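>>> No sequence on hand, only this structure:
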């Protein structure tokens, strides 16, 4: 996905650019405006949490790292005699649990970090 980021001096310029993009048939759901807190946005489509923060990239990284950690924990658990009977179920459960926990924990951090884009 390509993203165009522009800095403009005022809300009127942002409004003109938004109207030009809409006239070129860019869907409004793909246009997001970020401004200082307290700036009157009126009819402009304000950026949501996913656009303003590092939420989605952090969520993806957390799910991947958590899943890998869960898989390693499951493989380590297979070394114990009673766990080896369940085998694949243990691997699946620890991988899913690790992925879910990693996604949750990293999204809590990512929501507090401004977007890198």
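Thanks, I have the structure now. Fair warning: this is a prediction, and the values are worked out from it, not measured in the lab.
>>> which other residues reach the least confident helix or strand in the chain by mean pLDDT?
None of the helices or strands of the chain scores lower by mean pLDDT, DSSP states H and E than helix 49-52, at a mean of 74. Residues from elsewhere that reach helix 49-52 (C-beta atoms under 8 Å, 6 or more residues apart in numbering): 32, 34, 55, 56, 111, 114, 115. (C-beta placed from N, C-alpha, C; glycine too.)
>>> what about that helix, distance to the chain center?
On the basis of C-alpha atoms, centre = their mean, to the nearest Å, helix 49-52 is displaced by 8 Å from the centre of the chain it belongs to.
>>> Report all helices and strands that the helix or strand just after that helix contacts.
Using DSSP states H and E, the helix or strand that follows helix 49-52 towards the C-terminus is helix 55-77. With contacts taken as 3 or more C-beta pairs under 8 Å, 6 or more residues apart in numbering; DSSP states H and E, helix 55-77 sits against helix 88-110.
>>> mind redoing it with 10 Å?
Packed against helix 55-77, as judged by 3 or more C-beta pairs under 10 Å, 6 or more residues apart in numbering; DSSP states H and E, are the following elements: helix 49-52, helix 88-110.
>>> okay, the angle between it and helix 88-110?
Angle of helix 55-77 versus helix 88-110, following axes from the mean of the first three to the mean of the last three C-alpha atoms, to 10 degrees, is 150 degrees.
>>> contacts for helix 55-77?
48-50, 54, 83-84, 86-113, 115-117 (C-beta atoms under 10 Å, 6 or more residues apart in numbering).
>>> looking at the helices and strands packed on helix 55-77, which has the lowest confidence?
Per-stretch mean pLDDT for the helices and strands packed on helix 55-77 is lowest at helix 49-52 (a mean of 74).
>>> would you turn the helices and strands packed on helix 55-77 into TSV with mean neighbour count and distance to residue 26?
Formatted as TSV, the helices and strands packed on helix 55-77 follow (neighbours: other C-beta atoms under 10 Å; distance: least, C-beta to C-beta, whole Å):
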stretch	mean neighbour count	distance to residue 26
helix 49-52	14	15
helix 88-110	17	27
